[in-house]
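*Asks:* this one's sequence-less:
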């Protein structure tokens, strides 16, 4: 796959779904994959480095309750609940390692993949 | 257990903590915060950005900044469970209103730690209890003397009892479906809440009780206790209307009225005294905070007053002070409070006046004083005054800052040549 097609702004949910863990870990931005009830199913190495969390403990937990309460509002969590198809990039502030950090979020949801994705770029 | 896993566990703990934790410096700049804190702060802060605690709460709790600033000691508790009503008003009635509780501790001269907790559900429960309490209290006190009205959520009269007709003289058939404010249009004086404002407070707190003048159908006035109670209704806790209970209270004894005047008025000019003025300031600040009313302060100082006393003697000086107080009271709006703050310094507290309105009134006062003429054996005595105007919005909710700002502008008016109202630059722009 060409380098530019894997960029933060251009990669698709289908691209992410067809990658294996090692390929997702190699991406320079954070990737979180959520199943329909917003439980974490994939958590790539870049995101683990930024948050300071071990993917093994994050996978399987409810994302918006246990890891990312700061996205548990109408700006992010509500949109995954309300919308069937989603591809939107928004400026956001996360609390990575408890420090307010300005990031860009890309919210991806499509009926073509089992998981929805949140991409996080610092 | 390795260090790395220890740190991870600590981070997991903080990521999942269901209470907001924030550390910031004295200016409010945030150094550390957990996701739960960000969950509340980010939607509130909007374009102002969530990297400063006080800026993020500028619109909903501007008092946080002044409370932290007012805490002079280098350590200690700034506030404990301070309630922040994130939205208020009738437009937002549909959803359960969000209430945050903030506890702030000062850990050092430039280090603050705050917690934020969502207590919306707790507040809903408290409201239910208060509604029940208020209802019991009215029932136990004997229903016969009370006139009751039921009110729809839109503020229209649904029904009234015969006692209401006896008390007010309004016909029952005529009442139904009318706007409540049309019937109970008491002339508001001082800091009294209007009926529709009482409904807002009752909606939030469960009830609101106030004493004041009420008008009967025939036009005469009577002193009345007015209790507004939200009627608990729907599953989500939003009221399905209100009950208004009116009680005709015999007029206060004349002696009590004299005592009240003695305690609240300046003996010379009859204007409010400083103590009463500062009580009114506190009360109006609460309204400003809860109902987002604007509040303005005008301070006024007579120009060259010492020369009047020196040239004409104190009796003439005293007469001038009385005439100034009367002239200013004459242009004061019904809710305004005019007080003598010191020797020749006066203040006017103007609830619901924004800066533009307050500047207009200050100019009226200036002109009224300039128009005064007192005949003395030494000829006609004229007077002028310098005035400063400030709003509680500008002072970010701090009474001390409000007075200081108005004083500062008063002295700027003096320096600019006296006999004028200082014009803040914001208006010129």
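*Replies:* Perfect, thanks for sending it. Because the structure is predicted, anything quoted here is derived from the model rather than measured.

*Asks:* do you know how far residue B:279 is from residue B:261?
*Replies:* According to CB to CB, to the nearest Å, residue B:279 stands 15 Å off from residue B:261. All C-beta spots, glycine's among them, are computed from the backbone N, C-alpha and C.

*Asks:* which residue does chain A have closest to chain B?
*Replies:* Closest contact between chain A and chain B, by CB to the nearest CB, is at residue A:70 (3.5 Å).

*Asks:* OK, contacts around that residue?
*Replies:* A:93, A:94, A:95, B:35, B:36, B:37, B:38, B:39, B:42 (CB atoms under 8 Å, 6 or more residues apart in numbering or on different chains).

*Asks:* and for whichever residue of the stretch 301-429 of chain B sits closest to chain A, the neighbour number?
*Replies:* Of the residues in the stretch 301-429 of chain B, the one nearest chain A is residue B:396, at a distance of 23.1 Å by CB to the nearest CB. Using other CB atoms under 10 Å in any protein chain shown, residue B:396 is surrounded by 16 other residues.

*Asks:* do I have it right that it meets residue B:61?
*Replies:* No: using CB atoms under 8 Å, residue B:396 is not in contact with residue B:61; the gap is 10.5 Å.

*Asks:* overlap in contacts of those two?
*Replies:* Shared contacts of residue B:396 and residue B:61, defined by CB under 8 Å, 6+ apart, are absent.

*Asks:* identify the residues contacting the residue nearest the centre of chain A.
*Replies:* Nearest to the geometric centre of chain A sits residue A:118, at 2.4 Å (CA atoms, centre = their mean). Neighbour list for residue A:118: A:30, A:31, A:32, A:34, A:71, A:76, A:105, A:106, A:107, A:108 [criterion: CB under 8 Å, 6+ apart].

*Asks:* my read is it is in a helix, agree?
*Replies:* No: read with DSSP: H, G, I helix; E, B strand; the rest coil, residue A:118 is strand and lies in no helix.

*Asks:* please, where are all the strands along chain A?
*Replies:* In chain A, the strands defined using DSSP state E lie at A:30-34, A:40-43, A:86-96, A:99-109, A:116-121.

*Asks:* still on that earlier bit, quick one: the residue of the stretch 301-429 of chain B closest to chain A from residue A:10, how far?
*Replies:* 46 Å.

*Asks:* do the same with residue A:91
*Replies:* Residue A:91 is 18 Å from residue A:10, by CB to CB.

*Asks:* before we move on, what about residue A:80?
*Replies:* Distance of residue A:80 to residue A:10, computed by CB to CB: 21 Å.

*Asks:* and if you look at residue B:321?
*Replies:* 78 Å.

*Asks:* now do residue B:281
*Replies:* 60 Å.

*Asks:* quick one, what contacts residue 12?
*Replies:* By default, I'm working from chain A. A:108, A:110.

*Asks:* ah, no, chain B please
*Replies:* With CB under 8 Å, 6+ apart, residue B:12 has these contacts: A:53, A:57, A:66.

*Asks:* can you tell me the SS state at residue B:30?
*Replies:* The three-state label given to residue B:30 by three-state DSSP is strand.

*Asks:* neighbour count winner among residue B:279 and residue B:261?
*Replies:* Set side by side, residue B:279 and residue B:261 show more neighbours around residue B:279, with 14 against 11, by other CB under 10 Å.

*Asks:* and residue B:54, how many neighbours?
*Replies:* Residues contacting residue B:54 under the criterion other CB under 10 Å number 23.

*Asks:* would it count as being in a helix?
*Replies:* Yes: counting by three-state DSSP, residue B:54 falls inside a helix.

*Asks:* distance of it from chain A?
*Replies:* Applying CB to the nearest CB, to the nearest Å, the value for residue B:54 to chain A is 14 Å.

*Asks:* okay, now the unreliable bits of chain A?
*Replies:* Chain A contains residues with pLDDT under 70 at A:1-4.

*Asks:* what do you get if the cut-off is 90, keeping everything else the same?
*Replies:* Applying pLDDT under 90 to chain A picks out residues A:1-6, A:65-67, A:69-70, A:72-75, A:92-97, A:100-102, A:122.

*Asks:* for it, what lies in contact range of chain B?
*Replies:* Taking CB under 8 Å from any CB of the partner chain as the contact definition, chain A meets chain B at A:51-54, A:57, A:65-75, A:92-95, A:97-100.

*Asks:* redo that, cut-off 7 Å
*Replies:* For chain A, the residues in contact with chain B (CB under 7 Å from any CB of the partner chain) are A:52-54, A:57, A:66-70, A:72-73, A:75, A:93, A:95, A:97-100.

*Asks:* please pick the buried ones from those residues.
*Replies:* Buried residues within the residues of chain A next to chain B, counting neighbours by 16 or more other CB atoms under 10 Å in any protein chain shown: A:52-54, A:57, A:66-70, A:72-73, A:75, A:93, A:95, A:98, A:100.

*Asks:* off-centre distance for stretch B:197-205?
*Replies:* Put simply, stretch B:197-205 sits 14 Å off its chain's centre (CA atoms, centre = their mean, to the nearest Å).

*Asks:* could you do stretch B:67-77 as well?
*Replies:* Centre-to-centre, stretch B:67-77 and its host chain are 24 Å apart (CA atoms, centre = their mean).

*Asks:* contacts for it, please.
*Replies:* B:26, B:78, B:79, B:104, B:105, B:106, B:107, B:108, B:109, B:112 (CB atoms under 7 Å, 6 or more residues apart in numbering or on different chains).

*Asks:* torsion angles phi and psi at the spatially closest residue to the first one that is not a sequence neighbour?
*Replies:* In space, residue B:26 comes closest to residue B:110 once its chain neighbours are excluded; the distance is 4.7 Å by CB to CB, 6 or more residues apart in numbering or on different chains. Residue B:110 has phi and psi values of phi -130, psi 30 when expressed as degrees, to the nearest 10.

*Asks:* check contacts around residue B:359.
*Replies:* Applying CB under 7 Å, 6+ apart, the residues contacting residue B:359 are B:389, B:421.

*Asks:* now do residue B:123 against chain A, distance only.
*Replies:* Counting by CB to the nearest CB - residue B:123 and chain A are separated by 19 Å.

*Asks:* what are the ranges of the helices in the stretch 1-150 of chain B?
*Replies:* Using DSSP state H, counting those that start in this stretch, the helices of the stretch 1-150 of chain B run over B:3-16, B:35-45, B:53-56, B:63-70, B:120-140.

*Asks:* just put the ones you listed in CSV and tack on mean pLDDT.
*Replies:* Supplementary listing: the helices of the stretch 1-150 of chain B in CSV, determined by pLDDT from 0 to 100:
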stretch, mean pLDDT
helix B:3-16, 83
helix B:35-45, 88
helix B:53-56, 91
helix B:63-70, 90
helix B:120-140, 71
